[in-house]
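>>> sequence first, then the predicted structure, then my questions.
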There are 2 protein chains.
Amino acid sequence: MKRSVAAIFALLIVLPAAAFAAGEDPSLPVLFYLVLILVSAKIVGHLAVLAGQPSVLGELLAGILLGNLHLLGVSGFTDIAANPGVDLLARIGVVVLLFQVGLESTLHEILRVGLTSLLVALLGVLAPFALGWLVGAWLLPDLSWYTHAFLGATLCATSVGITARVLQDLGESRSREARVILGAAVIDDVLGLIILASISGAILAAAEGAGATGIRPLAGIALKAGGFLVGSLLLGFLVTPRLFSTAARLKGAGVLIGVSLAFCFLLSYLAGVSGLAPIVGAFAAGLILEPVHFQKFGERNIHHLEEGLRPISEFLAPVFFVQMGTNVDLVAFASSGEAFWLALALTVAAIAGKQLCSLGVLEKGANRWAVGFGMIPRGEVGLIFASIGATLVLGGERIIDGVTYTAVVIMVIVTTLITPPLLKRSFQRQRAAERDNKL
Amino acid sequence: MKRSVAAIFALLIVLPAAAFAAGEDPSLPVLFYLVLILVSAKIVGHLAVLAGQPSVLGELLAGILLGNLHLLGVSGFTDIAANPGVDLLARIGVVVLLFQVGLESTLHEILRVGLTSLLVALLGVLAPFALGWLVGAWLLPDLSWYTHAFLGATLCATSVGITARVLQDLGESRSREARVILGAAVIDDVLGLIILASISGAILAAAEGAGATGIRPLAGIALKAGGFLVGSLLLGFLVTPRLFSTAARLKGAGVLIGVSLAFCFLLSYLAGVSGLAPIVGAFAAGLILEPVHFQKFGERNIHHLEEGLRPISEFLAPVFFVQMGTNVDLVAFASSGEAFWLALALTVAAIAGKQLCSLGVLEKGANRWAVGFGMIPRGEVGLIFASIGATLVLGGERIIDGVTYTAVVIMVIVTTLITPPLLKRSFQRQRAAERDNKL
């Protein structure tokens, strides 16, 4: 049975990449790369799930594999990450992904998480940000403070997907700890995006030589990013209900998906031209849309939107994660002691920073360790931040160079890998202790 | 309520296209164009549906509107069709669309349609092909026979979607006539794709100066196209069941969509490097996949695949149709008498050609007129053919130039517009006659 898969793979490798030159159609190389990306993402994703890990980790590993195949003497795939078509699909994929993440939470939820979640989120952003900055200043003293701050930013946002799945598996998804973690993770995302927007905005301003390169423009851009989020949320509350009750009256195929995607792309575009990352707009679009806006769509309500977005992101998000993986340079990592120590220090900072945040848990008897462990994984948001850093250039140097990027990816992989066992053991000990107390 | 829509539109027009230059992110102009495309497609699609027409017609009209906005003094949108990112998304959209069309029919159905459908399909391809060729030779005598043959090819394939909807509305979708039309339309698609592949292959060969530019290479490429379809169908029957029962065991998110799209893109790519249009491969991929391959996916069977593909094509297919519309040059059409007569003659050839095919209906008492009327609409497949012709160049001239392209689009619009009333009247007369006979 596995032979058919092997045959397909052999076919893919036999087909010479040189054949592209013959075709007139510019989509042919993209189609070829999409086959490679989707097949490898699903196969390595399967292996990751078998090993108890989320499939996104497998997609990332599939990308690392494809990007480093030249080490095994197989050439012709190094072009994947550089292909402008693949790059565009990856960018649209990550916009749709952040729209989905935004849809999963509503503004009401954010305003309602309570003091503990708020404290956990604030500590869980500030502590890793400071620790990441320190790691950068310590191990990369020759680079500018922008790089150090960017490293701090990649450590901010929690990727709560893996934690949510583990909590579900343990039957703890309605526990007090779960509520604290999930609430804090939402605020994390918002704060992380504001920090990302501020730093990248300051770098863009400095690159254009538009003014002072100090803390003041940074604060200005943080204000702008926060203002964009708050402004679009306010505008959303005023305009969106009317907009979507008008849209609900449109007849024809795919109105719900079409209008919602247009809304998401519009805010992404507006964020982009305001100097913020397009994902900030996509996330805001997701936050704004709430079930109530879809009442007029009758049967086809917001759950149908989430269902409709799923195939689109199942198609495009792996393109992003595989592309992220192909950018990892294993040779540079293996041959540079710096990269190893950077990855190690970043990982320690990532874990320690989120343990500090458990001090924000005010309730007595709550499992502080579990909250801290649940906040560890960085996942997609850290990767997205690193990939944005890799596109920013200041004084002819990339803010996040190849070695630093690879160290961030290693940090993301390790934090994702260690969360499930830590979380499981912590809950098992707690429940065992509770049983002992009752006896 | 309409004010919010107007506000969004005003916003889109106020936002200067020049702002793109400021952004570093190459996806920003694409995001902006996607907003324009999706919003205009859904609004004009809505108007089309209100007028009893399919929404694809509205999407086409939205494109014509966007592409000719400069006539109203609004500039900055002429770039849409030329943007390589929009072009890539349109190309992927049409590949996914043909994959869906292929999925809707199975090889069993094609082999089972019966003699009447086969005859209707053969006549319904040969008659419009010959008439279209004659129209080209008559009105465009200075152009090569490749252009004349290409015009014939754009008239071959029936776009049965609109007919199927009208039949459903009339409660006739299980009638004898409906079965003949739907069966013949499937064979139409196959024959049309073979003719398209043959002619475009011959043009590519002639453009490379690779040999004789006569009928012989044409026959060779027809053989190749037919061989590709038959070969991939045979290979599909041998490999696909194993491939998909292996894939069904993969764990992780989006395996069904990922593996199916990879299969579709692989065959599209193989068709492309064989010198055929990628859509030929996408259609073959759809034909090969049958419900039986998805049994192992358990609950998530082929209907889930069709449901999963719908949002993807609801997102990407409008990009294709709007892009097609933007290529229509209203000024060239209005200022050229040639274009008007060409559009008129093509439309007459398209209608007359499909009326001839009703001679293939062998059964007595069947409504021959209804079968002929049902085969009239050309829709997406004719447009796809014309767009492929517009990309082919021979001796420095495009095979389908701007004026000819516009004439084909007009033909598609008119054949789509006249089908519903003709079909309705024909069935109503027949049923009235049957009632009279019974009384």
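All right, it came through fine.
>>> please make it C-alpha for all contacts and neighbour counts, starting now.
OK.
>>> surely A:Val125 is within a helix?
Yes. Using DSSP: H, G, I helix; E, B strand; the rest coil, the secondary structure at A:Val125 is a helix.
>>> and it, how far from chain B?
The gap separating A:Val125 from chain B is 27 Å, by C-alpha to the nearest C-alpha, to the nearest Å.
>>> A:Val30 now?
With the distance defined as C-alpha to the nearest C-alpha, A:Val30 ends up 9 Å from chain B.
>>> repeat that for A:Gly382.
According to C-alpha to the nearest C-alpha, A:Gly382 stands 19 Å off from chain B.
>>> and for A:Arg429?
Going from A:Arg429 to chain B by C-alpha to the nearest C-alpha gives 29 Å.
>>> now do A:Thr347
Here the criterion is C-alpha to the nearest C-alpha. By it, A:Thr347 lies 26 Å from chain B.
>>> contacts only, for that residue.
The contact partners of A:Thr347, taken as C-alpha atoms under 8 Å, 6 or more residues apart in numbering or on different chains, are A:411-412, A:414-415.
>>> wait, which of those residues is closest to A:Glu314?
Within those, the smallest distance to A:Glu314 is 20.7 Å, found for A:Val412 (C-alpha to C-alpha).
>>> what residues does the helix or strand hosting A:Leu266 touch?
Using DSSP states H and E, A:Leu266 sits in helix A:255-273. Contacts to helix A:255-273, defined as C-alpha under 8 Å, 6+ apart, come from residues A:95-96, A:99, A:228, A:247-248, A:277-282, A:284-286, A:297, A:300, A:305, A:308-309, B:19-20, B:22-23, B:25, B:28-29, B:31-32, B:34-36, B:38-39, B:42, B:311, B:314-315.
>>> which ones among the residues you listed lie within helices?
Where the contacts of helix A:255-273 overlap with helices, as defined by DSSP state H, the overlap consists of A:95-96, A:99, A:228, A:247, A:278-282, A:284-286, A:305, A:308-309, B:28-29, B:31-32, B:34-36, B:38-39, B:42, B:311, B:314-315.
>>> low-confidence ranges in chain A?
Counting by pLDDT under 70, chain A has low-confidence residues at A:1-24, A:76-78, A:106-113, A:160-162, A:165, A:209-221, A:275, A:291-303, A:439.
>>> A strand includes A:Tyr253, no?
Heads up, residue A:253 is Ala, not Tyr. No. Inclusion of A:Ala253 in a strand is not indicated when three-state DSSP is applied; the result is coil.
>>> so how far is B:Pro128 from the residue nearest to A:Gln430 when sequence neighbours are not counted?
Computed as C-alpha to C-alpha, 6 or more residues apart in numbering or on different chains, the closest residue to A:Gln430 that is not its neighbour in sequence is A:Asn367, at 7.2 Å. Counting by C-alpha to C-alpha, to the nearest Å, the separation of A:Asn367 from B:Pro128 is 76 Å.
>>> you'd agree the residue nearest to A:Gln430 is up against A:Gln428?
No. At 11.0 Å, A:Asn367 and A:Gln428 do not qualify as touching, with contact defined as C-alpha atoms under 8 Å.
>>> between these two, which is the more surrounded one?
The neighbour comparison of A:Asn367 against A:Gln428 (other C-alpha atoms under 10 Å in any protein chain shown) goes to A:Asn367, with 17 against 12.
>>> gap between the residue in the stretch 51-200 of chain A that chain B sits nearest to and A:Ser40?
Proximity of the stretch 51-200 of chain A to chain B (C-alpha to the nearest C-alpha) peaks at A:Ser55, 5.4 Å away. When C-alpha to C-alpha is applied, the distance between A:Ser55 and A:Ser40 equals 12 Å.
>>> ok, those two, which is more surrounded?
A:Ser55 (26 against 23).
>>> so which helix or strand takes in the closest residue in space to that one that isn't next to it in sequence?
For A:Ser55, the nearest residue in space outside its immediate sequence neighbours is A:Gly45; the separation is 4.3 Å by C-alpha to C-alpha, 6+ apart. When secondary structure is defined using DSSP H and E, the element that contains A:Gly45 is helix A:27-50.
>>> from the contact counts, what lies against that helix?
Contacts of helix A:27-50 with other secondary structure elements, assessed using 3 or more C-alpha pairs under 8 Å, 6 or more residues apart in numbering or on different chains; DSSP states H and E, are made with helix A:55-67, helix A:84-104, helix A:302-326, helix B:84-104, helix B:255-273.
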